[in-house]
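Visitor: When you get a sec, could you give me coordinates for this:
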Amino acid sequence: MILGIISDPHANLFALQAVLADVDRVAPDELLCLGDFVGYGPNPNEVVELLKERCRVSLAGNHDLTVLGARGIPRMNRIAGAAAKWTSQVITRESRSFLETLAPSASFRDIELAHASPRSPVIEYVLDLETAEANFQEKAFRIALVGHTHVPAAFWQVDGRVGLSKFPSSTDGRAIPFRVPGEPGAARVLLNPGSVGQPRDRDPRASWATLDLQTQEFVVRRVEYAIEKTQRAIQQAGLPEELAERLESGW
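Guide: So this is what the prediction gives:
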């Protein structure tokens, strides 16, 4: 079975449309979404509508929960807070009802799914070996899929040793594969597909990934999309200009 994994579309409709076209070309067996449907971007309702029927399992991210008014979510910075306030004003009853059915963590075929991290599904950023190792120690998963950082990465643990494989930007459109070290089933992995709608690894292309459960190959795919269309929509919505500017740099 091959899983398609997307995360953090952040109401960026044009990025999502490009990714879903790539998903259709690759044709994974199941599609999973790790959360943050909304926030930052100008098309929250369209993004929810596209994904709610496409994904076998979907999670709620911290931006989704903030827009829903969930308690205990840390305050956002000025830009994110402004986007969350705007989103809460334009989100439809149907979109809200769908997001309210989601949790920040779940499991699928013995795979741990979490928006942020297995031990802290809403807010923890897994960006370094120390944080990954703590999750390996505290949670008993073999495979975990996470988002939230907007940076594609593969953390692994083999014989007590923890490592990190990052995915450098490729300019020729090739997908970037990672194969789990060691014998099949011997390693534990924590995998992040990056962000569909707002990458933060200095590559502005939309990011998603596939995981082959048989070969244990994890492939990060980057997809070009019409960034300028999203920028114009952000400006027309009256959202902070910084949200439009940052899409060009992927940061």
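Visitor: For the rest of this, base every contact and every neighbour count on C-alpha atoms.
Guide: Noted.
Visitor: remind me which residues of the stretch 151-251 of the chain are low pLDDT?
Guide: Low-confidence regions of the stretch 151-251 of the chain, defined by pLDDT under 70, span residues 168-176, 180-185.
Visitor: Tell me the secondary structure at the residue nearest to residue 226 when sequence neighbours are not counted.
Guide: Closest residue to residue 226 apart from its sequence neighbours, by CA to CA, 6 or more residues apart in numbering: residue 14 at 6.5 Å. State at residue 14, reduced to three classes by DSSP: H, G, I helix; E, B strand; the rest coil: helix.
Visitor: and residue 14, how many neighbours does it have?
Guide: A count of nearby residues for residue 14, using other CA atoms under 10 Å, gives 22.
Visitor: surely it meets residue 231?
Guide: No: with contact defined as CA atoms under 8 Å, residue 14 does not reach residue 231; the gap is 10.2 Å.
Visitor: Could I get the full set of helices for the stretch 101-250 of the chain?
Guide: With helices called from DSSP state H, counting those that start in this stretch, the stretch 101-250 of the chain shows them at 129-138, 227-237, 241-249.
Visitor: which stretch among those comes nearest residue 218?
Guide: Of all the helices of the stretch 101-250 of the chain, helix 129-138 sits nearest to residue 218, with 17.4 Å by CA to CA.
Visitor: what residues does the closest one touch?
Guide: Contact with helix 129-138 is made by 117, 118, 119, 125, 126, 155, 157, 162, 163, 164, 188, 190, as judged by CA atoms under 8 Å, 6 or more residues apart in numbering.
Visitor: change it to 6 Å
Guide: 119, 126 (CA atoms under 6 Å, 6 or more residues apart in numbering).
Visitor: What about the residue nearest to residue 36 when sequence neighbours are not counted, how many residues nearby?
Guide: In this structure, residue 36 finds its nearest non-sequential neighbour in residue 61, 4.2 Å apart by CA to CA, 6+ apart. By other CA under 10 Å, 31 other residues sit near residue 61.
Visitor: Please list all residues in contact with residue 61.
Guide: 35, 36, 104, 115.
Visitor: Could you report the pLDDT at it?
Guide: Note for residue 61: predicted pLDDT of 98.
Visitor: and the residue at the greatest distance from the centre of the chain, what does it touch?
Guide: In the chain, the greatest distance from the average C-alpha position (CA atoms, centre = their mean) is reached by residue 159, at 28.4 Å. If you count contacts by CA under 6 Å, 6+ apart, residue 159 has none.
Visitor: can you check residue 34 too?
Guide: By CA under 6 Å, 6+ apart, the neighbours of residue 34 are 7, 58, 59, 115.
Visitor: quick one, phi/psi of it?
Guide: Reported as degrees, to the nearest 10, the phi and psi values for residue 34 are phi -100, psi 10.
Visitor: what does the one 4 residues further on give?
Guide: Listed backbone geometry of residue 38 is phi -120, psi 180, with angles given as degrees, to the nearest 10.
Visitor: how close does it sit to residue 80?
Guide: If you measure residue 38 against residue 80 using CA to CA, to the nearest Å, the figure is 11 Å.
Visitor: Specify which residue of those two has the higher count of neighbours.
Guide: residue 38 (34 against 18).
Visitor: count of neighbours near residue 86?
Guide: As a burial measure, residue 86 scores 19 neighbours (other CA under 10 Å).
Visitor: Make sure it is indeed in a strand.
Guide: No: secondary structure assignment (three-state DSSP) places residue 86 in helix, not in a strand.
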